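Visitor: kindly return the folded structure for what I paste below:
(2 chains)
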2 protein chains.
Amino acid sequence: MTLDKKYILGKDTEILIVGLGMIGGSYASALSKQGYRVSAITRSPSTIEYALSRGMIEKGSDKPDPELIGKADLVIIALYPHTLISWIEENQKHFKPGAIVTDVTGVKGSVVGKVQSTLREDCEFIAAHPMAGRERSGIKYSDDSIFRVANYIIVPTDKNTEGAIDVCRALGETLGFAKISSLSPDEHDEMIAFLSQLTHCIAVSLMCSNADPALKKYTGDSFRDLTRIAKINDEMWSELFLANKEKLLSEMENFKKSFEELETAIRRGDREKMREMMKLSTARRTEFDK
Amino acid sequence: MTLDKKYILGKDTEILIVGLGMIGGSYASALSKQGYRVSAITRSPSTIEYALSRGMIEKGSDKPDPELIGKADLVIIALYPHTLISWIEENQKHFKPGAIVTDVTGVKGSVVGKVQSTLREDCEFIAAHPMAGRERSGIKYSDDSIFRVANYIIVPTDKNTEGAIDVCRALGETLGFAKISSLSPDEHDEMIAFLSQLTHCIAVSLMCSNADPALKKYTGDSFRDLTRIAKINDEMWSELFLANKEKLLSEMENFKKSFEELETAIRRGDREKMREMMKLSTARRTEFDK
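Guide: Sure, this is the predicted structure:
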């Protein structure tokens, strides 16, 4: 098939996944199970073997094979942000005319503009963020059931066509995401700075702030829940934090202000102020349950 | 029976629970189900009715009935810290000679010494902290199944006898707690400042730091887990925070230092430092899973 802009994901669509990590692998599983034609490019030969032997992909290569790239109608790049940008720069010459390219990265502002301005005119990059993750990385931890309770965010810009946005939405639906929405790169990065990056910063800082190993004997569920995300892929998250530096720092500042307000109220024994903040947090958190 | 210091909880033990809130009610349920003789004193007549009609207690009063108090071998006071102290001051004259008195409060340093120094010589106060809770308060939310996954901490001082400590442990076992341990009031308050109070401060501050209601559309599980405890009983927790003020402020300071270290690393683009903290948090948090 030729991929024109009216195209919607079909069983004859050639899908190429670049990077078979936990997320790339989960995409491959979900799509192959439903009979889509999936191939993959990833660095490690053993990962390719693993994916082939489990029927997660039809074909794979540990190098940017021009033939594999050239026949793909839809290219899903599941790499870290900086690798994504350089991979596209180096390999876009092999893209099929009309190919749609999407991604899975957790920051958008520093990625989307750069990719869209360097991509060949006859291809289109439409950004997406599958808000699903696990504490472990690598294809062995891939699991497409994580999508069923997760959000899929499409992040279009004014350079995107309705057709490509539709393909991206169809991909999210096929993968089985619980909810699909759409945000601008700026809105996305602000949301992610607060809901995801700040919370990871808090959990990491909390675990770093107390060295007493005896504490684990008394740990209850609230503490475990709150710190689950302190187990973190340092290579990926340090890159994501820096790729969204300004917005993250601003959320960190807001949080610190609020934390210091509570601290001051406690120091002064200002019970009214403490209760006011607790009532506000209770009301806001209750909204999140609805 | 007469309660001498060799006494262990028995089916003929007269147990009085003072305060039928969520925790007091859960104690009443667990003990009555196993055939113990439980009576209760609590402020609201409708709570007494509720407990009587469900077989949670045999007898109850909405006033500090001298007869009910006077026949109790074991008195469990499930009130907030300041009410606990004044309740004992006002009603200890009715206590049965040899009665053992215990509590459920979440702070110990500011409670135990005061109670032990004012209590009649022929009675004994042994402190305990059932580390179980729910987001809601009141007898209607009582549920003794919460003990099955929770810690029960006995908090003895040098004024306590082995006999009373044994009774307190037997109570924790009878209630069905997953784990029973023993800490000094100082150790207890330090542990609770970090594992429970600081985490509640963080969750409250986080919810107070961002007013955008649209965010709830994109909230994932990590954020929900981290902020579950932001729904908080402001009356109780503001009292608990102030009753453990110095230790809590010191943990807040440690956390802030660690948070600012990460903030500085992000601002400077110091990826090595960021990764070092993430590795430390991952290693420490992994220990908590064991």
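Visitor: which residues does the closest residue to chain B within the stretch 1-150 of chain A bridge with?
Guide: Residue nearest to chain B within the stretch 1-150 of chain A: residue A:131 (5.3 Å; Cβ to the nearest Cβ). Bear in mind the C-beta positions are built from the backbone N, C-alpha and C, glycine included. Residues in a beta bridge with residue A:131, per DSSP bridges, are residue A:151.
Visitor: what sits against it?
Guide: Residues in contact with residue A:131, defined by Cβ atoms under 8 Å, 6 or more residues apart in numbering or on different chains, are A:150-153, A:196, B:218, B:220.
Visitor: which one among these gets closest to residue A:224?
Guide: residue B:220 (17.2 Å; Cβ to Cβ).
Visitor: test my guess that the closest one contacts residue A:194.
Guide: No - between residue B:220 and residue A:194 there is no contact under Cβ atoms under 8 Å: 11.9 Å.
Visitor: and the two? which has more neighbours close in?
Guide: residue A:194 (23 against 16; other Cβ atoms under 10 Å in any protein chain shown).
Visitor: okay, and the residue nearest to the more buried one when sequence neighbours are not counted sits in which element?
Guide: Closest residue in space to residue A:194, ignoring its immediate chain neighbours: residue A:251 at 4.8 Å, by Cβ to Cβ, 6 or more residues apart in numbering or on different chains. Using DSSP states H and E, residue A:251 sits within helix A:245-268.
Visitor: CA atoms of that helix as CSV?
Guide: Below are the C-alpha coordinates for helix A:245-268, written out as CSV (Å, rounded to 0.1, in the frame of the first residue of the first chain):
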residue,chain,number,x,y,z
LYS,A,245,14.5,21.4,32.7
GLU,A,246,12.7,24.7,32.9
LYS,A,247,9.2,23.4,33.4
LEU,A,248,10.4,20.8,35.9
LEU,A,249,12.4,23.4,37.9
SER,A,250,9.3,25.6,38.0
GLU,A,251,7.1,22.7,39.4
MET,A,252,9.9,21.9,41.9
GLU,A,253,9.9,25.5,43.0
ASN,A,254,6.1,25.5,43.5
PHE,A,255,6.2,22.3,45.5
LYS,A,256,9.0,23.6,47.7
LYS,A,257,7.0,26.8,48.4
SER,A,258,4.0,24.8,49.4
PHE,A,259,6.1,22.4,51.5
GLU,A,260,7.8,25.3,53.3
GLU,A,261,4.4,26.9,54.0
LEU,A,262,3.4,23.8,55.8
GLU,A,263,6.8,23.6,57.6
THR,A,264,6.4,27.2,58.8
ALA,A,265,2.9,26.4,60.1
ILE,A,266,4.2,23.4,62.0
ARG,A,267,7.2,25.4,63.4
ARG,A,268,4.8,28.2,64.6
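Visitor: quick one: that helix to helix B:245-268, angle?
Guide: 160 degrees (axes from the mean of the first three to the mean of the last three Cα atoms, to 10 degrees).
Visitor: give me the residues contacting helix A:245-268.
Guide: Outside helix A:245-268, the residues touching it (Cβ under 8 Å, 6+ apart) are A:109, A:189-190, A:193-194, A:197-198, A:201-202, A:241, A:270-271, A:273-274, A:277, B:201-202, B:204-206, B:208-210, B:241-242, B:245, B:248-249, B:252, B:256, B:259-260, B:263, B:266-267, B:269.
Visitor: so among those, which ones count as buried?
Guide: For these, a burial check counting by 16 or more other Cβ atoms under 10 Å in any protein chain shown picks out A:109, A:189-190, A:193-194, A:197-198, A:201-202, A:241, A:271, A:273-274, A:277, B:201-202, B:204-206, B:208-210, B:241-242, B:245, B:248-249, B:252, B:256, B:259, B:263, B:266.
Visitor: residue contacts, residue A:165?
Guide: A:126, A:154, A:156, A:182.
Visitor: what separates it from residue A:186, distance-wise?
Guide: The spacing between residue A:165 and residue A:186, counted by Cβ to Cβ, to the nearest Å, is 17 Å.
Visitor: what of residue A:124?
Guide: Counting by Cβ to Cβ, the separation of residue A:124 from residue A:186 is 20 Å.
Visitor: looking at these two, which is more packed in?
Guide: The neighbour count for residue A:124 versus residue A:186, taken as other Cβ under 10 Å, is higher for residue A:124 (23 against 12).
Visitor: which residues of the stretch 51-200 of chain A fall in strands?
Guide: A:59-61, A:74-77, A:100-103, A:124-131, A:151-155, A:179-182 (DSSP state E, counting those that start in this stretch).
Visitor: so what does the helix-or-strand element of chain A with minimal mean pLDDT touch, helix or strand wise?
Guide: Every helix and strand in chain A was compared by mean pLDDT, DSSP states H and E; the lowest is helix A:221-227, with a mean of 83. Here helix A:221-227 touches helix A:199-208, helix B:199-208, helix B:221-227, helix B:271-289, going by 3 or more Cβ pairs under 8 Å, 6 or more residues apart in numbering or on different chains; DSSP states H and E.
Visitor: make it 7 Å
Guide: Judged by 3 or more Cβ pairs under 7 Å, 6 or more residues apart in numbering or on different chains; DSSP states H and E, helix A:221-227 is in contact with helix A:199-208, helix B:199-208, helix B:221-227.
Visitor: Throw the contacts of residue A:131 into JSON lines and include distance to residue A:113 and pLDDT, thanks.
Guide: Formatted as JSON lines, the contacts of residue A:131 follow (distance: Cβ to Cβ, whole Å; pLDDT from 0 to 100):
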{"residue": "A:150", "distance to residue A:113": "26", "pLDDT": "91"}
{"residue": "A:151", "distance to residue A:113": "23", "pLDDT": "92"}
{"residue": "A:152", "distance to residue A:113": "21", "pLDDT": "96"}
{"residue": "A:153", "distance to residue A:113": "17", "pLDDT": "96"}
{"residue": "A:196", "distance to residue A:113": "21", "pLDDT": "92"}
{"residue": "B:218", "distance to residue A:113": "22", "pLDDT": "85"}
{"residue": "B:220", "distance to residue A:113": "25", "pLDDT": "75"}
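Visitor: just for chain A, where's the confidence low?
Guide: Low-confidence segments of chain A, defined by pLDDT under 70: A:1-7, A:290.
Visitor: domain map for it?
Guide: A:14-183, A:188-289 (automatic domain parsing).
Visitor: okay if I get those as TSV plus distance to residue B:23?
Guide: Output for these, formatted as TSV (distance: least, Cβ to Cβ, whole Å):
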stretch	distance to residue B:23
domain A:14-183	32
domain A:188-289	14
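Visitor: residue B:52: which of these is closest?
Guide: Among the domains of chain A, the nearest to residue B:52 by Cβ to Cβ is domain A:188-289 (31.2 Å).
Visitor: measure that closest one end to end?
Guide: 21 Å (Cα to Cα, to the nearest Å).
Visitor: residues in the stretch 51-200 of chain A within reach of chain B, list them.
Guide: By Cβ under 7 Å from any Cβ of the partner chain, the residues of the stretch 51-200 of chain A that approach chain B are A:131, A:149-151, A:181, A:191, A:194-196, A:199.
Visitor: try it again at 8 Å.
Guide: Proximity of the stretch 51-200 of chain A to chain B (Cβ under 8 Å from any Cβ of the partner chain) is limited to residues A:131-132, A:149-151, A:153, A:179, A:181, A:191, A:194-196, A:198-200.
Visitor: tell me the one of those residues nearest residue B:137?
Guide: Scanning these for proximity to residue B:137, where the rule is Cβ to Cβ, the winner is residue A:199, at 26.5 Å.
Visitor: surely that closest one and residue B:203 touch.
Guide: No - assessed by Cβ under 8 Å, residue A:199 is found out of contact with residue B:203, at 10.1 Å.
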